[in-house]
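Student: Here is a sequence with its predicted model. Questions after.
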Amino acid sequence: MPLFGRKKKEPEVVVAEPEAPQLPPPPPTDERGWRSMEDHRDYLLDQVHQLPAFGQQILDALDLSICEDIESDVDLPGFDNSAMDGYAVHFGDTLGATEDAPVTLAVMGEIAAGDWSEEPLPPGTAIKIMTGAPIPPGADAVVPYEATDRGTEDVLVFAAAREGQHIRRRGEDVSAGDVMMRSGARVGARDVGLLAAIGVDKVMVRPRPRVVVLATGSELVEPGLALSNPAQLYDSNSYLLAAAARAEGAQVFRVGLVGDDAEAIKQAISDQLVRADLIITTGGVSQGDYDVVKAVMPELGLTDFCEVAMQPGKPQGFGLIGEDRVPMIMLPGNPVSAYISFEAFVRPVIRKMMGVEPLFRPQVRAIATHLLRSVPGKKQFARGLVTTDPAGRRSVTAVGGHGSHLVSSMARANALIVMDPDVDHVPAGSHVPVWMLDEVS
Ligand code: AMP
Ligand code: MG
């Protein structure tokens, strides 16, 4: 058979396997295989995004980050008006008036708040005027009731008026075109008032992230129910984290408890995906036989379990779960570990989603009132009570021990004492960095 007549061998077509989706490469680890707290935090922050802004009623925008510059369309006050109940006058007509030698002016009528007239005030007359009512053309001072006999036909004025007294001038507070709020600012109660005052009813803000909080552990019992054996304990984590997330402005769905059961955990998480911008779980991420979260979550999405060079809070998990890749942060179960992990990782993530700065707790310095010991090689977070003396100097005392189960001392603390991995002790009287937990930022 002629060579050229042979059927040519089909070139082999190599169909590339679609690459399995993966999380971005994790940060480097040290010789123990651990990450630094900062690296892990930045890794999580890189994988979450600001929520898109939408128009909200100003009251619902409270605590949220505004995504537009707000210019006033109006002057405030919008017109010259009276700051007192009294009489609008020409100040020149009251010159020389005293208790003993009052000036008499004819009263032309009355102007209440909301009345509007363009009729000028004739010289030698007065008109009764209420607080907030517009000053009639020509009038240039308001004489308060207290300096008159409160007359209705004629009024006796017992004191000379200064030009402009008790008149609030148009635009003295806000001029049309002034920028009232800048994009990125957080809406506070007084901003809500200002927005209303300039007639704005809705603003573009980043919404509250919907944060689902779920605790895992077969030993856990819902507060309010009876413990059925001495090895059970009340679930505090889901309440603690739900409260902490709500305090940051999140809309929290506290789902409560799931036992250490793979199917139950998968089901509970899958059920929550539709309504979550972020899922937080506690428990089940360390090395124990019942650490089911770590075992099952890879089936539901892309996950990353690691150890962080910090104490408490060493075992950490992160995932982008389900088709929508919902971020999920899986925290250790010890309540103090869970809370410190919240402060270190979850709070910055929530703030990033909300577009709120600063992402991190302000780190300030305080003087240690006593010797503080730390485990070298890990960033140590101790619970502290900071007091400030009248000169503004902060001192800090550790409360409770190092145990990550000590919830009562955590509740008494108002700060976290931060000791970097290279620190093994802080002598009494030295400065130590602290994160202030109760300061609003
Ligand atoms: P785990 O990380 O699941 O091994 O839990 C570590 C420790 O934290 C155990 O002593 C648990 O009983 C405790 N713990 C776990 N979850 C909670 C919770 N939701 N509330 C209070 N304590 C918990
Ligand atoms: Mg557990």
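Tutor: Everything's here; your move. Ligands and ions are numbered 1, 2, ... in the order given.

Student: Next, count neighbours for the closest residue to G249 other than its chain neighbours.
Tutor: In space, and not counting its chain neighbours, G249 is closest to D63: 4.5 Å by Cβ to Cβ, 6 or more residues apart in numbering. Backbone N, C-alpha and C define where each C-beta goes, glycine included. Other residues near D63 number 18, with proximity taken as other Cβ atoms under 10 Å.

Student: interface residues of this protein facing ligand 1?
Tutor: Counting by Cβ under 6 Å from any ligand atom, the chain comes close to ligand 1 at 215, 217, 219-220, 233, 235-238, 282-284, 286, 288, 332-335.

Student: Can you say which of these are buried?
Tutor: With neighbours counted by 16 or more other Cβ atoms under 10 Å, the residues of the chain next to ligand 1 contain buried members at 215, 217, 219-220, 235-238, 282-284, 286, 332-335.

Student: Now, those residues that are in helices?
Tutor: Counting by DSSP state H, the part of those found in helices is N237, S238, P335.

Student: Turn the residues you listed into CSV, including distance to P358 and pLDDT.
Tutor: Shown next, in CSV, are those (distance: Cβ to Cβ, whole Å; pLDDT from 0 to 100):
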residue, distance to P358, pLDDT
N237, 26, 97
S238, 27, 98
P335, 26, 95
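
Student: Which residue ranges of the stretch 301-441 of the chain form strands?
Tutor: Secondary structure of the stretch 301-441 of the chain, counting by DSSP state E, counting those that start in this stretch: strands at 301-307, 310-311, 315-321, 326-331, 363-368, 372-373, 379-388, 394-398, 415-419, 425-426, 431-436.

Student: these two touch, right, E343 and M436?
Tutor: No: shown here, E343 and M436 do not form a contact pair, counting by Cβ atoms under 8 Å, at 11.0 Å.

Student: who touches both of those two?
Tutor: R361 (Cβ atoms under 8 Å, 6 or more residues apart in numbering).

Student: Look up the closest residue to the residue of the chain found nearest ligand 1, ignoring the ones flanking it.
Tutor: Closest to ligand 1 within the chain is G333: 2.5 Å, counting by Cβ to the nearest ligand atom. Closest residue to G333 in three dimensions, ignoring its sequence neighbours and counting by Cβ to Cβ, 6+ apart: G283, at 3.4 Å.

Student: For the one you found, give me the pLDDT.
Tutor: The confidence metric pLDDT takes the value 97 at G283.

Student: Hmm, S72 is touching V174, no?
Tutor: Yes: when contacts are counted by Cβ under 8 Å, S72 is listed as touching V174 (5.0 Å).

Student: The two: which is more packed in?
Tutor: Just comparing S72 and V174: by other Cβ under 10 Å the higher neighbour count belongs to S72, 22 against 17.

Student: check contacts around the more buried one.
Tutor: V174, S175, A176, G177, D178, M180, I198.

Student: got a list of what the closest residue to it other than its chain neighbours touches?
Tutor: Spatially, and ignoring its direct neighbours in sequence, S72 is nearest to I198 (4.4 Å; Cβ to Cβ, 6+ apart). If you count contacts by Cβ under 8 Å, 6+ apart, I198 has them with I70, S72, D73, V74, L76, V174, M180.

Student: Next up, the contacts around the fourth one.
Tutor: If a contact means Cβ under 8 Å, 6+ apart, then V74 has V174, A176, I198, G199 as its contacts.

Student: pLDDT weak spots in the chain?
Tutor: Low-confidence segments of the chain, defined by pLDDT under 70, span residues 1-11, 404, 440-441.
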